[in-house]
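J.: Need a 3D model of the following:
(2 chains)
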Amino acid sequence: MGWAHRISVLALIVPFCRAKTVTYDFNVSWVNANPDGLYERKVVGINGQWPLPVIEVNKGDRLVVNMYNGLGDKSSSIHFHGMYQNGTNEMDGPSMVTQCPIPPGSSMTYNFTVEQNGTYWYHCHTGYCYPDGYRQALIVHDDDAYFAKQYDKEFTISLSDWYHDFLEDLSHEFMSLYNPTGAEPIPNAFLFNDTMNSNIKVEPNTTYLVRILNVGAFVGQYLYIQDHNFTIVEIDGVYTEPTEASMLYLSAAQRYAILLTTKNETDKNYPIITVADSTLLDTIPSDLQLNNTNWLEYNSNADHPEGVVDVDESTDLAPFDDLTLVPHDQMALLPDPDVEIEVTVYMNNLMDGYNYAFFDNITYTAPKVPTLYTVMSSGNQSTDPTIYGDNTNPHVFKQNDVVQVIINNADSGAHPFHLHGHVFQVIAREPSYGLDFYNLADVDPVPFDANNHTAFLSTPPRRDTVVLPPGGYMVLRFVADNPGVWLFHCHIDWHMDSGLAMLFISAPDKIQETLKIPDQHYDVCRAAGVPFEGNAAGNTQNFLDLNGEPRQEADIPDGFTPKGIAAMFFTILSAFLGVASIFIYGLWDMKKAGVPTSS
Amino acid sequence: MANNVFAVQIFFIVFRECLEATIILSVLFSFLKQCLGGPDQDHAVYKRLVRQVWAGAISGIVVCLILGGAFIGVFYGLGKDIWSKSEDLWEGIFYLIATVIISIMGLALLRINKMKEKWRVKIAQALAQKTKSAKKRTRLSDWSKRYVMFLLPFITTLREGVEAVVFVGGVSLSLPATAFPLPVVCGIIAALIIGFFLYRGGNMLSIQVFLTISTAVLYLIAAGMFSKAIFYLQMHQWNVQTGGDAAESGSGAGSYNIKQTIWHVNCCNPETDNGWDIFNSLLGWQNTGTYGSVLSYIIYWIFLIITVCCLLYEEKTGSLPLQKQIVSVLLRVPGIGGYIRRKQEAAKTDVSEVLETVQAEGILNSKEGK
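T.: So this is what the prediction gives:
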């Protein structure tokens, strides 16, 4: 892989001499690529290259990314997905949450230490941008991993859906009066390591650490390797007890690391089969290939058999249930929550006719001032959620609050939810992965019932992205031990942009104490023309005055409005007058004729 | 639900068409009675001709049932796929056609005497034609002369019948088969009763009241249909724009274009909720009121009121408002002028004069004649 980037390694004097600074210079610009062999398009490249460079660091390293936006026509930013950013909330990357969108011609330096391990990724976090190609793996190596001695080599598999059109253009079809059902644009292809039908050369009788990521925008994928079982050792950066599995489901943004031991014989090659989750697709175009085969190549001269998927629908596949995983550190269920948030997910249309996604009755609408900057400029009012505007759906926690989030799904689709800056314990979910997962998709949803629910897991799995079942619910718990403004959102990019997001603001007073936002970040705001002081409405004088806050469209009135009543009145009046005129005409004839006429 | 066993619009269409046919029959019978029914006339010939009329009428009905059946078969057999693809478009077009036809025939129903008169003139003209052509003796004219009392009712019932079948088939594309038999039977019975009373010269007063009420209902249906036609055409456009997935969403957001909507209630959808389909077929109720459908409903009634005013004016003064002026202008236009003059001539035909000629020529007695 010959991308041109500069890594300067500065050895720092730290204990054990291990931690270093890894620096990447990213010049982000449009390049041409044709990863599916079907269509060449402009994609977001870095330093003139695409696929993008994989960021690789060791646990404890400082990562510095100097990003220059050379796109010319599009704002951007970088979110390092899964990074805790403890103490560096301003480096998290989502536009209008922790920073301003970086306009063309501007630069921003992301600089933070990586005190964690595992499989992550980085992607643009400014509206409609990362699925244009601006996403790639971020690997944090860890020599101290409990399984470090159990594998010989490692490789990475990235899965992704792929569009031929620019996301920006598709977004105009998606958020449109003429898409009232909110049907998401259908991808044109599914990529495997940013290509298709590829080979991964393996040696016999060798154990590989395979990191698998779904860096797609929308569609989850099933993955299995013919005649191979494997051992799950990590989900979303959290080591798990080694657990055998044969099939994984990866929603957008989820990651797994597995140990895969190859066979002794080299006479055959084995298909790695990926199946797109077709329940997410409103229509399936005839030329869209849902099932794809790549190969675990033992012998390049041997046959490369096409993978056979022996089910008709992806729902007939029963993937490994991630809730059965146990974290390697055996961390127990967190204590009873200090704060509980219960929300219901649904889709609905507002007065502009567009289809929006809601947590309860709020569809996230970005504020005028990035919320982190509201925290920084609000003085002692920072703990009052009012100042963040109610249309950002903010929830303010105190330091070390145990937070429980209950999400009920009143929608018939599955949603992968992601929390920035944390992993959460997934302590209950109904229905669970497997053949029952879609049981509630077409019936009345079953919300969480405090008196009657599946037992909370005692050592629940922790991850940063988890799939909410259609019509069901899930319960998450985490400790608000990371001061910052953290976005909680559906990682289907379409839903993120139709408002399926809310803000968790942890210890805003602590944020003010500890955070030092670099001047460069404010320069970006100046260049972008985005205010960086004030409340959600940009009001710097009175933080409680939210006049002018960007707000969602009005609800569609339920039933008759005065306009409707007036219209109804006139239709009835006209019908009465018309009928009256018929009677006059009919009876006038009678008056005239009066007597029976029969000639 | 009610729509599944009794489609109101079908009842009125069948009723209207059957009534027209029975009027023609009653006019024919009174003609025969007038010409041949007298005590001094040949009773056998009279009886034979009456039988001819009946035979003509019944064979007309039989043929029309066959044609109509074939038509509906083709209609559903061949067309179902095309129509289900853009059902809203077709429903819109059929409703539009239905509205136009009902609107034209509806007010005429109120002038049943005029209708009788019109048919008397037409039949008299047809007979007069026969008289004239009787001089040229060809086989065909001979035959048609002999069976004129068969041909006239045959053609009449055939025409009205096919009209009814085509119309019922077209308008009711979306209705289940169970919705047909009852209204068809009721329509025929009602028409026969009225026709019988007309022939017997029964109580015109109650007939007139009945007709007035049914005409009012007919126009309520027509206004609703017009509104529905516009609604369906808009819906079709909406489905095209949204890629067709709005059609299945029933009530609620997404099933309609908010920008063109005056009201939308998330209930009472005539296509999915029981009971509301009666309001739909009678009054054109939709749980979505669009600017198009509401305005078209109101405009339809305004148009009707103006038409009624014009007709009343005509009956009072003998001509439509501005009619004389327009006719005098048109008369000067070459081509059209001649056509209008011929029309005017024809309108002057005196029925009794024709009848006398017919009697004198003995055209109806053709069995004995030569």
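
J.: Can the longest helix along chain A be said to contact chain B?
T.: Longest helix of chain A, by residue count under DSSP state H: helix A:562-593. Yes. For helix A:562-593, a contact with chain B is found by Cβ under 8 Å from any Cβ of the partner chain, at A:563-564, A:567-568, A:570-571, A:574-575, A:577-579, A:581-590, A:592-593. In short, each C-beta sits where N, CA and C put it, glycine included.

J.: Now restrict the residues you listed to buried residues only.
T.: Buried residues within the residues of helix A:562-593 next to chain B, defined by neighbour count using 16 or more other Cβ atoms under 10 Å in any protein chain shown: A:564, A:567, A:571, A:574-575, A:578-579, A:581-583, A:585-586, A:588-590, A:593.

J.: OK, contacts around the nearest residue to residue B:341 once chain neighbours are set aside?
T.: The shortest distance from residue B:341 to any non-neighbouring residue, by Cβ to Cβ, 6 or more residues apart in numbering or on different chains, is to residue B:331 (7.2 Å). Going by Cβ atoms under 8 Å, 6 or more residues apart in numbering or on different chains, residue B:331 touches B:337, B:340, B:341.

J.: Is it possible to get CSV of those that adds pLDDT, secondary structure and neighbour count?
T.: Shown next, in CSV, are these (pLDDT from 0 to 100; DSSP: H, G, I helix; E, B strand; the rest coil; neighbours: other Cβ atoms under 10 Å in any protein chain shown):
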residue, pLDDT, secondary structure, neighbour count
B:337, 75, helix, 14
B:340, 75, helix, 15
B:341, 76, helix, 11
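
J.: Which of these sits closest to chain A?
T.: Checking those against chain A with Cβ to the nearest Cβ, the nearest one is residue B:340 at 26.5 Å.

J.: Tell me, how many residues neighbour the closest residue to chain B within the stretch 101-250 of chain A?
T.: The nearest approach of the stretch 101-250 of chain A to chain B comes at residue A:180, 3.4 Å away (Cβ to the nearest Cβ). Neighbouring residues of residue A:180 were enumerated by other Cβ atoms under 10 Å in any protein chain shown; the total is 24.

J.: Give the helix, strand or coil label for the residue nearest to residue A:185 when sequence neighbours are not counted.
T.: In space, not counting the residues next to it along the chain, residue A:185 is nearest to residue A:170; the distance is 4.3 Å by Cβ to Cβ, 6+ apart. Reduced to three states with DSSP: H, G, I helix; E, B strand; the rest coil, the structure at residue A:170 is helix.

J.: Was I right to think residue A:170 contacts residue A:163?
T.: Yes. Taking Cβ atoms under 8 Å as the contact criterion, residue A:170 and residue A:163 are neighbours in contact, 6.4 Å apart.

J.: residues making contact with stretch B:214-229?
T.: Residues from elsewhere that reach stretch B:214-229, judged by Cβ under 8 Å, 6+ apart: A:575, A:578-579, A:582-583, A:586, B:8-9, B:12, B:15-16, B:91-96, B:98-99, B:102-103, B:106-107, B:109-110, B:171, B:280-286, B:293-294, B:296-297, B:300-301, B:304.

J.: Would you mind listing the buried residues in that stretch?
T.: By neighbour count, with 16+ other Cβ under 10 Å as the criterion, the buried positions of stretch B:214-229 are B:214-229.

J.: Just the mean pLDDT for it, thanks.
T.: The average pLDDT within stretch B:214-229 is 85.

J.: okay, it in CSV with CA atoms only?
T.: Listed next in CSV are the C-alpha coordinates belonging to stretch B:214-229 (Å, rounded to 0.1, in the frame of the first residue of the first chain):
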residue,chain,number,x,y,z
SER,B,214,-82.6,11.1,-7.4
THR,B,215,-81.1,13.8,-9.7
ALA,B,216,-79.9,15.7,-6.6
VAL,B,217,-78.3,12.5,-5.4
LEU,B,218,-76.9,11.9,-8.8
TYR,B,219,-75.2,15.3,-8.8
LEU,B,220,-73.9,14.8,-5.3
ILE,B,221,-72.2,11.7,-6.7
ALA,B,222,-71.0,13.5,-9.8
ALA,B,223,-69.5,16.4,-7.8
GLY,B,224,-67.8,13.9,-5.5
MET,B,225,-66.5,12.0,-8.6
PHE,B,226,-65.2,15.2,-10.1
SER,B,227,-63.4,16.0,-6.9
LYS,B,228,-62.1,12.5,-6.7
ALA,B,229,-61.0,12.6,-10.3
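
J.: sorry, back to before: which residues do residue A:170 and residue A:163 both contact?
T.: Both residue A:170 and residue A:163 are in contact with residue A:185, where contact means Cβ under 8 Å, 6+ apart.

J.: and residue A:66, how many residues sit next to it?
T.: Summarising burial for residue A:66: neighbours were counted as other Cβ under 10 Å, giving 15.

J.: that's a strand at it, yeah?
T.: Yes. Secondary structure assignment (three-state DSSP) places residue A:66 inside a strand.

J.: dump the residue contacts of it.
T.: With contacts defined as Cβ under 8 Å, 6+ apart, the neighbours of residue A:66 are A:23, A:24, A:25, A:26, A:107, A:109.

J.: Recalculate using a threshold of 7 Å.
T.: Residue A:66 is in contact with A:25, A:26, A:107, A:109, counting by Cβ atoms under 7 Å, 6 or more residues apart in numbering or on different chains.

J.: show me where the stretch 151-300 of chain A has helices.
T.: A:167-174 (DSSP state H, counting those that start in this stretch).

J.: How about the residues of it by chain B?
T.: Selection of the stretch 151-300 of chain A residues close to chain B by Cβ under 7 Å from any Cβ of the partner chain yields A:177, A:178, A:179, A:180, A:181, A:183, A:282.

J.: change it to 6 Å
T.: Selection of the stretch 151-300 of chain A residues close to chain B by Cβ under 6 Å from any Cβ of the partner chain yields A:178, A:180, A:181.

J.: Not counting its neighbours along the chain, what's nearest the first one?
T.: Excluding its sequence neighbours, the residue lying closest to residue A:178 (Cβ to Cβ, 6+ apart) is residue B:241, at 4.4 Å.

J.: how deep is the one you found tucked in, by neighbour count?
T.: The number of residues packed around residue B:241, counting by other Cβ under 10 Å, is 15.

J.: Can you give me the neighbour number for the residue nearest to residue A:185?
T.: A total of 21 residues lie near residue A:170 under the criterion other Cβ under 10 Å.

J.: so it makes contact with residue A:186?
T.: No. Counting by Cβ atoms under 6 Å, no contact exists between residue A:170 and residue A:186, whose distance comes to 9.6 Å.
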